[in-house]
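K.L.:
Need a 3D model of the following:
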Amino acid sequence: MGFKFKWKYLFVILCLFLVFKIHLDFHKGYNYPLISDEWTLFAQASRLSEGANIEEEGTNSKYISAIIIPTAFLYKIGINAAWHDEKLASFLTALSALCVYLLLRKRFGEIAGFAGMLFFAGLPSNLNILGTAFFIPLTAAMPFVYLAINLFEKPVTLKNTALFAIAWILIGAIHPLSFIYSTIAFFIALTARLHDANKKIGIFLGVLGILIAGMLLKTFPFLIFPKTYVYYIVGFNFVLLYGLLSFILAFIGMFFAWKKCRTLVLWAVFGFLMIWVYELFGFSLFVSRERVIYLLMVGLVPLSAVGFAYIFNKLWKLNVKNHLGKISALVFLIACILFLAMNRMQIPDQRLHPSPQFGTQYELKSLEKMTNFTGRMLVPMELSLPAQAITGNPTVSCAYYYVCLNNSGYEDLIRTNLTKTFYSGNCDEQRLALKRMSRMFDGKYRPDYLLYYGNLSCQWQYTAVKSMRLVNVDWGDREPIRYYNITGLTEYFANMT
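P.N.:
Prediction:
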């Protein structure tokens with residue numbers, strides 16, 4: 001018995017390592033964040049670790065996810081989290097896979113638990129639905145989603161209820177859309193449970209839920225998500241995105257999960273209903289279509305594992321000659337693994353390459369040279385968010401400049417436009433822009449360092465060259481990216497009459 005116990009958990013560790021390694025390969029050859037959501041999280045965490053006002057720095061702070069707190073702690077102890085983006089995303093994925101295993105193993109057996117990790121590793125990721133390839137609040141919420149489902153399906157005790165409440169609250173603190181989806185799914189599951197005990201109570205609760213949902217949609221119209229909610233819209237077949245075989249196994253799994261883990265089935269039914277509403281009316285309710293698709297797949301993963309375990313166990317126990325049943329079960333396992341791998345390589349629009357809107361890898365690498373300096377940086381707008389995330393220093397431009405140019409107030413708009421003018425203007429425009437930066441808002445955004453491509457050549461630069469100090473020079477045969485300490489220069493401009 002002791003040997004089996006050790007072997008089982010050794011196999012769990014091996015599976016988790018494989019999940020970690022598979023997702024680590026997403027970033028192979030590129031060690032920086034891939035999308036704006038990741039850069040935003042790291043910029044917020046970096047500035048928070050310095051005790052700065054996140055909203056003041058313009059880091060797209062529509063909401064601050066709780067995942068920022070442990071990320072800021074990494075910065076605080078000297079670990080630059082932006083350099084370990086792929087490891088953090090892979091760790092969260094492995095943690096989620098472990099929670100899937102814990103959800104399934106006691107209810108459906110060890111085979112279902114291991115299969116759950118396998119199917120979770122096969123979840124797709126792209127720029128539209130996002131997913132486990134990215135270190136974002138959505139990914140960070142997934143372990144707590146599975147933990148909450150696990151606790152919700154356990155016997156009602158004070159301990160289980162308290163733990164469920166903690167997991168549920170953490171989902172909300174990390175990712176609000178996952179919280180809304182899970183809350184509705186749990187409410188549906190609770191209604192079904194109460195309906196079994198007392199039909200009148202179940203019907204009353206169901207009607208009450210529909211009325212509350214209608215009132216919320218009428219009072220808060222932002223809970224209705226149109227097609228234009230996202231900038232990057234992709235059309236695809238959901239069944240093919242998740243995988244045809246995985247979908248068939250999930251459908252089989254629904255029949256066997258209904259008695260032992262009804263929440264999983266109702267979670268999936270709610271997701272399919274939301275997709276149907278979107279396809280029929282062109283909008284999604286409560287949760288955007290992209291997040292509905294991903295959260296639905298999150299619910300289908302355990303169901304696929306249950307369906308797989310049922311077929312695998314049936315084949316394994318077949319009483320036929322020459323161990324044909326066991327051989328058939330192993331062939332089925334290998335076929336599922338190959339199918340998942342093939343499906344992952346054929347995901348519609350599997351665009352996981354770096355976004356050019358946040359600079360080239362050469363430019364991002366050059367920012368690492370600034371981690372030992374403290375002060376406000378004047379960098380091109382597209383590097384403002386990475387500069388805060390990598391160096392921990394504030395920038396002149398609003399960090400997430402798309403938001404600042406379109407949605408921010410006067411102060412953010414001015415400093416962002418001045419940055420744009422400096423890097424696109426002639427010598428006179430550069431001088432005037434730098435002068436305004438040095439003097440506006442009582443010197444609040446006065447730069448201490450300047451990132452510049454090539455040599456400084458304007459007259460205003462020559463006259464003040466004594467106040468500038470070269471910090472960093474060429475990178476091989478490429479156009480030089482240089483940093484200048486311009487504290488003395490900006491003080492000179494600030495004191496000009």
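
K.L.:
So for residue 464, what's the pLDDT?
P.N.:
Predicted confidence (pLDDT) at residue 464: the value is 52.

K.L.:
quick one: pLDDT of residue 230?
P.N.:
Here, the pLDDT recorded for residue 230 equals 56.

K.L.:
in the stretch 151-300 of the chain, which spans are strands?
P.N.:
With DSSP state E, counting those that start in this stretch as the definition, the stretch 151-300 of the chain shows strands at residue ranges 224-226, 283-285.

K.L.:
partners of the first one in the sheet?
P.N.:
Here the strand partners of strand 224-226, with direction, are listed using DSSP bridges: strand 283-285 (antiparallel).

K.L.:
For burial, what's the neighbour tally of residue 153?
P.N.:
Residue 153 is flanked by 19 other residues according to other CB atoms under 10 Å. C-beta coordinates here come from the backbone N, C-alpha and C atoms, glycine included.

K.L.:
so residue 129 makes contact with residue 295?
P.N.:
No. Residue 129 is not in contact with residue 295 according to CB atoms under 8 Å; the separation is 9.6 Å.

K.L.:
Help me confirm that residue 451 is found in a helix?
P.N.:
No. With DSSP: H, G, I helix; E, B strand; the rest coil as the criterion, residue 451 is strand rather than part of a helix.

K.L.:
Who is it paired with across the strands?
P.N.:
Each beta-bridge partner of residue 451 is listed here, defined by DSSP bridges: residue 483.

K.L.:
The helix or strand encompassing residue 145 packs against which elements?
P.N.:
With the criterion set as DSSP states H and E, the secondary-structure element containing residue 145 is helix 137-152. Counting by 3 or more CB pairs under 8 Å, 6 or more residues apart in numbering; DSSP states H and E, the packing neighbours recorded for helix 137-152 are helix 85-108, helix 158-174, helix 176-197, helix 262-281, helix 289-316.

K.L.:
Now do the helices in the stretch 1-150 of the chain.
P.N.:
Assigned by DSSP state H, counting those that start in this stretch, the helices in the stretch 1-150 of the chain fall at 2-24, 36-49, 68-76, 85-108, 110-121, 137-152.

K.L.:
Tabulate those (a markdown table), appending mean pLDDT.
P.N.:
Output for those, formatted as a markdown table (pLDDT from 0 to 100):
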| stretch | mean pLDDT |
| --- | --- |
| helix 2-24 | 77 |
| helix 36-49 | 84 |
| helix 68-76 | 89 |
| helix 85-108 | 92 |
| helix 110-121 | 91 |
| helix 137-152 | 94 |
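
K.L.:
before we move on, back to that, of the strands of the stretch 151-300 of the chain, which approaches residue 212 most closely?
P.N.:
Of all the strands of the stretch 151-300 of the chain, strand 283-285 sits nearest to residue 212, with 12.9 Å by CB to CB.

K.L.:
that older thread, mind putting the strands of the stretch 151-300 of the chain in JSON lines, mean pLDDT, distance to residue 425 and mean neighbour count included?
P.N.:
Shown next, in JSON lines, are these (pLDDT from 0 to 100; distance: least, CB to CB, whole Å; neighbours: other CB atoms under 10 Å):
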{"stretch": "strand 224-226", "mean pLDDT": "83", "distance to residue 425": "38", "mean neighbour count": "16"}
{"stretch": "strand 283-285", "mean pLDDT": "87", "distance to residue 425": "43", "mean neighbour count": "19"}
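
K.L.:
what's the burial count for residue 258?
P.N.:
Around residue 258 there are 12 residues (other CB under 10 Å).

K.L.:
Next: residue 387.
P.N.:
Counted with other CB under 10 Å, the burial measure for residue 387 works out to 30 neighbours.

K.L.:
any idea how far it is from residue 51?
P.N.:
When distance is defined by CB to CB, to the nearest Å, residue 387 is 18 Å away from residue 51.

K.L.:
dump the residue contacts of residue 85.
P.N.:
When contacts are counted by CB atoms under 8 Å, 6 or more residues apart in numbering, residue 85 touches 27, 31-34, 38, 42, 135.

K.L.:
Give me the distance between it and residue 24.
P.N.:
Here the criterion is CB to CB. By it, residue 85 lies 11 Å from residue 24.

K.L.:
ok, back up a step: got the helices and strands packed on helix 137-152 as JSON lines, with distance to residue 393 columns?
P.N.:
Output for the helices and strands packed on helix 137-152, formatted as JSON lines (distance: least, CB to CB, whole Å):
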{"stretch": "helix 85-108", "distance to residue 393": "19"}
{"stretch": "helix 158-174", "distance to residue 393": "27"}
{"stretch": "helix 176-197", "distance to residue 393": "30"}
{"stretch": "helix 262-281", "distance to residue 393": "42"}
{"stretch": "helix 289-316", "distance to residue 393": "33"}
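
K.L.:
Out of the ones you listed, which is closest to residue 242?
P.N.:
Shortest separation from residue 242 across those is recorded for helix 289-316, at 5.3 Å, computed as CB to CB.

K.L.:
re earlier: for the contacts of residue 85, work out which two are farthest apart.
P.N.:
In these, the most distant members under the criterion CB to CB are 27 and 42, with 14.1 Å between them.

K.L.:
and those two? which has more neighbours close in?
P.N.:
Using other CB under 10 Å as the criterion, residue 27 and residue 42 rank with residue 42 on top: 32 against 20.

K.L.:
I'd say that one and residue 79 touch.
P.N.:
No. Under the criterion of CB under 8 Å, residue 42 is not in contact with residue 79, lying 11.6 Å apart.

K.L.:
domains for this structure, by residue range?
P.N.:
The domain map for the chain lists 10-345, 356-494, with the assignment taken from automatic domain parsing.

K.L.:
weakest of the ones you listed by average pLDDT?
P.N.:
When the domains of the chain are compared on average pLDDT, domain 356-494 comes out lowest at a mean of 71.

K.L.:
Need phi/psi at residue 378.
P.N.:
Geometry field for residue 378 lists phi and psi as phi -100, psi 110, criterion degrees, to the nearest 10.

K.L.:
can you tell me which residues contact it?
P.N.:
Under the criterion of CB under 8 Å, 6+ apart, the neighbours of residue 378 are 395-396, 419, 422, 434, 437, 447, 449-451, 486.

K.L.:
repeat that with 10 Å
P.N.:
With contact taken as CB atoms under 10 Å, 6 or more residues apart in numbering, residue 378 is in contact with 384, 387, 395-397, 418-419, 422-423, 433-434, 437, 445-452, 484, 486, 490.

K.L.:
try residue 8
P.N.:
Contacts for residue 8 were tallied using CB under 10 Å, 6+ apart; they are 105, 110, 113-114.

K.L.:
What are the boundaries of the strands in the stretch 351-497 of the chain?
P.N.:
Listed in chain order (using DSSP E, counting those that start in this stretch), the strands of the stretch 351-497 of the chain are 377-378, 449-453, 469-472, 481-485.

K.L.:
Can you name every helix or strand that the second one contacts?
P.N.:
What that stands for is strand 449-453. Under the contact definition 3 or more CB pairs under 10 Å, 6 or more residues apart in numbering; DSSP states H and E, strand 449-453 sits against helix 361-367, strand 377-378, helix 384-391, helix 410-424, strand 469-472, strand 481-485, helix 487-494.
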